[in-house]
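Peer 1: Curious how this folds, go ahead:
(one chain, ligands or ions: 2)
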Amino acid sequence: MDARAMNRAACFRTPASLMRKLEEHLFQEDGDEHGAVIGASVIDTGPGLRLLARRLFVAEDGIDYVPGERGYRMLTPEFVLRCVRACAREGLAYLAVHNHPGTDWVAFSGDDMASHRRGYRALLDILDGPPAGALVFARDAVAGDIWLSPQEQVELDHAVVTGRTPRVLHPAPRRPRAADARYDRQARLFGDRGQQILGAQKIGIVGAGGVGSLVNEYLARLGIGHLVAVDHDPIEESNASRVVGARASDWTPRWLPAKIARRLGWKPTPKVRIAERVAKEANPDIRFDAIEADIVDPHAAGRLVDCDAIFLAADTMRARHIVNSICHRYLIPVWQAGTKVHLNNSTGDIADVFSVVRRLVPGESCLWCSGLIDRTRLAEEAASPQQRAAQTYIDEVPNPSVITLNAVAAAHAVDDYLFTTVGLTSPSARPEWFRHHPLIGYFAQLKTASEPGCPQCQNHLAAGPLEPLPVRERSQ
Ligand SMILES: [Zn+2]
Ligand SMILES: [Zn+2]
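Peer 2: Ligands and ions are numbered 1, 2, ... in the order given. Here you go, the predicted model:
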């Protein structure tokens, strides 16, 4: 039986490093077909299925990939068994890969589909949970046939190569719809295709304060289809100068004296609810998930694992650590945006002021490897409130913060996201991080880092749910 699940869409994501090796093997000078197997971790979100390329097994021509008994070429049963057992040991899905000639269009042959029907029931038995399936690549296209069970198969909708200049591959070229009139001016730059890409994106925003509220407004007005904002704080009067969309009635009850209102259970508006209001006013069609929780809550972090991009606008070491982990484990690019005012400890004078944007590319640039996650502060933040109260050295004085410094970081981060996502960034664009120091009129570009052997960006790359996120234990 070949029952296609109509409501499910499968998507394949791969780090650029694995894709480079795969393409070198598939598209050789001989112009012939070549084969491989990919072991992929699996995220199943109900309507969506994501397969994250974690292992590549190259099939050696003439040994593992040989003339077929029915089709043109086949993987030998020994190679298939070796790979499927390796996948089963690690809890990965098994994806057989080969290539067809052509550029932007590709489909399985009748022989290919017949071999899936003959072979994949047995592979599903060995895997005992994860799906088995196949991908067929042309130079700029990919199709997939994913078997969740003998009764349920899904076609691949698209694949994403998550490198510095990300690529999206489909089975065949898609003709974009004409952009909505409200996006006419920006569609003249991004094209209808670019606008359609933005409309299909799901983006996480961690922190809905000063920087996050601006990122939220920019993304909503650009026509992003789905936003997920995570923040556990209610608005305070001192946020009014920076949180866009905040109104006096969000922190002061409108009709009653504040004291009585609080006694009656009145609460200031959570920042994520203000973000939701702003986003829906900008675009009534937007889908918005307002998560009133700290990113260290397991259920909050779990809401971000199927995003297309994440903006990190919360400046704690734990938020950095968790979002950096999501980036590499789930192959999701991250833009960290923030500002800093350094005061001289002894004199109180201003030492430095800057806005900073750091783009994290899965497997290629990492906050750990760049020395930006301070272990001591991480441990302090993980301590319980009682432990923290006993630690007098934690500085509880609020940091200075100004909307314009935030805007430089937020706008630059969204700019960089935008141009890489719609495919306008030049492949030769320098991927360095960006820091603006307004007091000395200086822009700095900083080198990014990713070190061999780093558990976060190398060993756990594309591990998905197989490696738990460093979130708070549920019992805490
Ligand atoms: Zn084929
Ligand atoms: Zn790293």
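Peer 1: residues in the stretch 251-400 of the chain within reach of ligand 2, list them.
Peer 2: By the rule Cβ under 5 Å from the ion, the part of the stretch 251-400 of the chain lying against ligand 2 is 366, 368-369. For every residue, glycine as well, the C-beta is placed using N, CA and C.
Peer 1: and the closest residue to ligand 1 within the stretch 351-476 of the chain, how many neighbours?
Peer 2: Relative to ligand 1, the nearest point of the stretch 351-476 of the chain is Ala462 (25.2 Å; Cβ to the ion). Ala462 is flanked by 26 other residues according to other Cβ atoms under 10 Å.
Peer 1: who touches the residue lying closest to Leu360 once chain neighbours are set aside in this structure?
Peer 2: Take Leu360 and drop its neighbours on the chain: the residue closest to it by Cβ to Cβ, 6 or more residues apart in numbering is Val334, 4.0 Å away. Shown in contact with Val334 (Cβ atoms under 8 Å, 6 or more residues apart in numbering): 309-312, 323-324, 326-327, 359-360.
Peer 1: Bridge partners for Val334, pull those for me.
Peer 2: For Val334, the beta-bridge partners under DSSP bridges are Ile310, Leu360.
Peer 1: Please tell me I have it right and Ile295 contacts Ala319.
Peer 2: Yes - Ile295 is in contact with Ala319 according to Cβ atoms under 8 Å; the separation is 5.0 Å.
Peer 1: okay, now the residue in the stretch 51-200 of the chain that ligand 1 sits nearest to: neighbour count?
Peer 2: Residue of the stretch 51-200 of the chain nearest ligand 1, by Cβ to the ion: Asp112 (4.2 Å). When counting by other Cβ under 10 Å, one arrives at 18 neighbours for Asp112.
Peer 1: now do Ala88
Peer 2: Number of residues near Ala88 (other Cβ under 10 Å) recorded here: 18.
Peer 1: same deal with the one 5 residues further on?
Peer 2: Residues lying near Ala93 (other Cβ under 10 Å) number 26.
Peer 1: Can you pull the phi/psi pair for the nearest residue to Leu127 once chain neighbours are set aside?
Peer 2: Of all residues not flanking Leu127 in the chain, Ala88 sits nearest, at 5.2 Å (Cβ to Cβ, 6+ apart). Per-residue torsions, Ala88: phi -60, psi -40 (degrees, to the nearest 10).
Peer 1: measure Ala88 to Tyr94 for me?
Peer 2: To Tyr94, Ala88 is 8 Å away according to Cβ to Cβ, to the nearest Å.
Peer 1: cool, and Ala122?
Peer 2: Taking Cβ to Cβ, one finds Ala122 at 11 Å from Tyr94.
Peer 1: same question, Gly207
Peer 2: Separation of Gly207 from Tyr94 (Cβ to Cβ): 39 Å.
Peer 1: Can I get stretch 425-440 in CSV, CA atoms only?
Peer 2: Once non-C-alpha atoms are left out, stretch 425-440 reads as follows in CSV (Å, rounded to 0.1, in the frame of the first residue of the first chain):
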residue,chain,number,x,y,z
THR,A,425,23.6,38.1,0.3
SER,A,426,26.7,37.7,-1.9
PRO,A,427,28.5,34.4,-1.3
SER,A,428,31.6,36.5,-0.8
ALA,A,429,30.0,38.6,2.0
ARG,A,430,32.2,38.6,5.1
PRO,A,431,30.4,36.6,7.8
GLU,A,432,32.1,38.3,10.7
TRP,A,433,30.2,39.6,13.6
PHE,A,434,29.4,43.2,13.9
ARG,A,435,30.0,45.7,16.8
HIS,A,436,29.2,49.4,16.7
HIS,A,437,30.9,51.8,19.2
PRO,A,438,29.1,55.1,18.9
LEU,A,439,31.3,57.1,21.4
ILE,A,440,34.3,56.6,19.2
